[in-house]
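Peer 1: Let me see the structure of the following:
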Amino acid sequence: MSRGPALFAAAAGLAGTSAVGLAGLAGAGWWPAALIVIATAAAAAALLRRPLAPGVTSTAMHLIERPELLARRRQHAQEELAILEDAQELQRGVFEVSAELVGCVEEPDARHRFAAAMRRYWACTGADLLVWERGEWRSLGGPASGAAPTLNRPVLLPAEAAGDLILDLSPGVAGQACLVLRQACPQPSLDGRNPADQRYVAEVLRGQLALSLRRVMLYGELQALARTDPLTGTHRRWYGEHRLRELVEGGAVVAVAMVDIDHFKAVNDAHGHAAGDQVLAAVGAALRAQVRTGDLVCRMGGEEFLAILPDSSLPGAEQVANRLNAAVAALAGLPSAVTVSVGVAACHQDDDVEALLARADQVLYQAKADGRNRVVVALAPGEHLRTRTIRRARSE
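Peer 2: This is a model prediction of the structure:
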């Protein structure tokens, strides 16, 4: 039997054969390769005539047949693109706000920076940054321009808070804190948007501001630790001298009171260094309690302290020194009675810090030489080494 009819019969059935079968046929070796091409074409034609399986539909053909679906799909894509563009713009704004707030670590600067960040989205007549401390609200960066709000929600939009925008920044502090934009109204970037969108923007910014406020408060705590003597609670010497130099070089009216604990070495020798630390802590607390808010008490070293009294004349500084002397003498519960000697001096025209401290130190030693537990005041130039000694009625 001739092989030709058999191969033609095989080619006619290629519509249902696999590629492996076709390759095997091509490898028969004796028939021209053209027969393989004819068989493949026949198989393709058979596949084209085969109907699609039930449920399988060409999306492209469906959209072509129904143009309204194509228009709807195009509109949906445009809406999604607009949403993405809004989100991108918000992310860009939040990123810029975060970058601007990275350098904000000082309390006086925080209020201005926070208000500037919020004014990207809300205009306002003023801004208050408030922190709840020791039973009352403290305004950072200057006096508050209005009353402190009641914090009962993370965000209160202007329509909900009598025109103010209120952000609860309490997550950034140990207690409570808030930023209040007075008489706020949306900027063009938010104007016309629904309250839900405005609230979302405010919530995102609130998170950034709370983080920044935490950084500001931590920086303040670190600064306080760096400039505060842990034993006495007074400022460290470097900070006191720095502050005094600022006042003197700025031409401010300032006086100082140099305070030294009498017979402190005897306390250590008789009762030990733990008792000496107890005396130092008690004296430091007594001195701090007798000065004004703007005054400064620092520990100069050992048992010596310096009270810096801005805006104080010599008579006023003398009164403060007498209070310091009396407060220490009245201390109770210590291993032994404690008194201090005080030397007072005021800054004169063309004075420098070194000259001012030298005069205070000179009259302090005069107080020691005169019997301790007393205040000695350095008088004005022209009276040379004359001093005025204020003896206390209490005997030693």
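Peer 1: where does the residue nearest to residue 237 when sequence neighbours are not counted land on pLDDT?
Peer 2: Excluding its sequence neighbours, the residue lying closest to residue 237 (C-beta to C-beta, 6 or more residues apart in numbering) is residue 300, at 5.3 Å. Glycine gets a C-beta too; all of them are placed from N, C-alpha and C. Note on residue 300: pLDDT of 96.
Peer 1: which ones are touching residue 300?
Peer 2: Residue 300 makes contact with 237, 240, 258, 306 under the criterion C-beta atoms under 8 Å, 6 or more residues apart in numbering.
Peer 1: what do you get for residue 171?
Peer 2: Residue 171 neighbours (C-beta under 8 Å, 6+ apart): 210, 214.
Peer 1: would you say it is within a strand?
Peer 2: No. Going by DSSP: H, G, I helix; E, B strand; the rest coil, the assignment for residue 171 is helix, not a strand.
Peer 1: Tell me the pLDDT of it.
Peer 2: Confidence at residue 171, expressed as pLDDT, is 94.
Peer 1: where's it relative to residue 214, distance?
Peer 2: 8 Å (C-beta to C-beta, to the nearest Å).
Peer 1: Domains in this protein, by residue range?
Peer 2: Per automatic domain parsing, the domain ranges recorded for the chain read 100-226, 237-391.
Peer 1: secondary structure class for the residue nearest to residue 237?
Peer 2: Going by three-state DSSP: residue 300 is strand.
Peer 1: re the thing from before, and which of the contacts of residue 300 is nearest residue 344?
Peer 2: Residue 344 lies nearest to residue 258 out of these, by C-beta to C-beta, at 7.8 Å.
Peer 1: Next, count neighbours for that closest one.
Peer 2: Neighbours of residue 258 under the rule other C-beta atoms under 10 Å: 26.
Peer 1: so where does it fall, helix or strand?
Peer 2: strand 254-261 (DSSP states H and E).
Peer 1: Give the other helices and strands that that strand contacts.
Peer 2: helix 237-249, helix 273-289, strand 304-310, helix 314-329, strand 340-346, helix 353-369 (3 or more C-beta pairs under 8 Å, 6 or more residues apart in numbering; DSSP states H and E).
Peer 1: Mind doing that once more with 6 Å?
Peer 2: Contacts defined by 3 or more C-beta pairs under 6 Å, 6 or more residues apart in numbering; DSSP states H and E place strand 254-261 against strand 304-310, strand 340-346, helix 353-369.
Peer 1: For my notes, confirm residue 377 occurs in a helix.
Peer 2: No. Residue state for residue 377 (three-state DSSP) corresponds to strand; a helix is not indicated.
Peer 1: ok so, going back, now tabulate the helices and strands packed on strand 254-261 in TSV and tack on mean pLDDT and distance to residue 183.
Peer 2: Putting these into TSV (pLDDT from 0 to 100; distance: least, C-beta to C-beta, whole Å) gives the following:
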stretch	mean pLDDT	distance to residue 183
strand 304-310	97	36
strand 340-346	96	47
helix 353-369	94	47
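Peer 1: looking at the ones you listed, which is buried most?
Peer 2: strand 340-346 (a mean of 28; mean count of other C-beta atoms under 10 Å).
Peer 1: partners of the strand holding residue 258, with directions?
Peer 2: Applying DSSP bridges, strand 254-261 is found paired with strand 304-310 (antiparallel), strand 340-346 (antiparallel).
Peer 1: contacting residues around it?
Peer 2: 247, 283, 303-310, 312, 317, 321, 340-347, 360-361, 364 (C-beta atoms under 6 Å, 6 or more residues apart in numbering).
Peer 1: can I get the CA coordinates of it in PDB?
Peer 2: As requested, the backbone C-alpha atoms of strand 254-261 are provided in PDB (Å, rounded to 0.1, in the frame of the first residue of the first chain):
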ATOM      1  CA  VAL A 254      20.500  94.200  87.000                       C
ATOM      2  CA  ALA A 255      21.800  93.400  90.400                       C
ATOM      3  CA  VAL A 256      23.200  90.300  91.900                       C
ATOM      4  CA  ALA A 257      23.300  88.700  95.400                       C
ATOM      5  CA  MET A 258      26.200  86.300  96.100                       C
ATOM      6  CA  VAL A 259      25.100  83.800  98.800                       C
ATOM      7  CA  ASP A 260      27.400  81.500 100.700                       C
ATOM      8  CA  ILE A 261      26.400  78.900 103.400                       C
END
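Peer 1: How about it, which residues are buried there?
Peer 2: 254-261 (16 or more other C-beta atoms under 10 Å).
Peer 1: How about stretch 129-149?
Peer 2: By neighbour count on 16+ other C-beta under 10 Å, the buried set for stretch 129-149 is 129-132, 137, 140-141, 144, 148-149.
Peer 1: ok now it, how far from the chain's centre?
Peer 2: Remark: stretch 129-149 is offset 16 Å from the chain centroid, using C-alpha atoms, centre = their mean, to the nearest Å.
Peer 1: Nearest residue to residue 170 in space, please, no chain neighbours.
Peer 2: residue 176 (4.8 Å).
Peer 1: actually residue 101, not the one I typed
Peer 2: residue 212 (4.2 Å).
Peer 1: Low-confidence ranges, the protein, go.
Peer 2: 1-65, 83-91, 93-94, 380-396 (pLDDT under 70).
Peer 1: Mind doing that once more with 50?
Peer 2: Low-confidence segments of the chain (pLDDT under 50): 1-34, 47-48, 52, 55-56, 382-396.
Peer 1: quick one on the thing from earlier: my guess is the residue nearest to residue 170 contacts residue 166. True?
Peer 2: No. Using C-beta atoms under 6 Å, residue 176 makes no contact with residue 166, being 12.0 Å away.
Peer 1: Settle it for me: which of these two has more neighbours?
Peer 2: residue 166 (26 against 15).
Peer 1: What is the three-state secondary structure of the closest residue to residue 115 other than its chain neighbours?
Peer 2: Closest residue in space to residue 115, ignoring its immediate chain neighbours: residue 127 at 3.5 Å, by C-beta to C-beta, 6+ apart. Counting by three-state DSSP, the backbone at residue 127 sits in strand.
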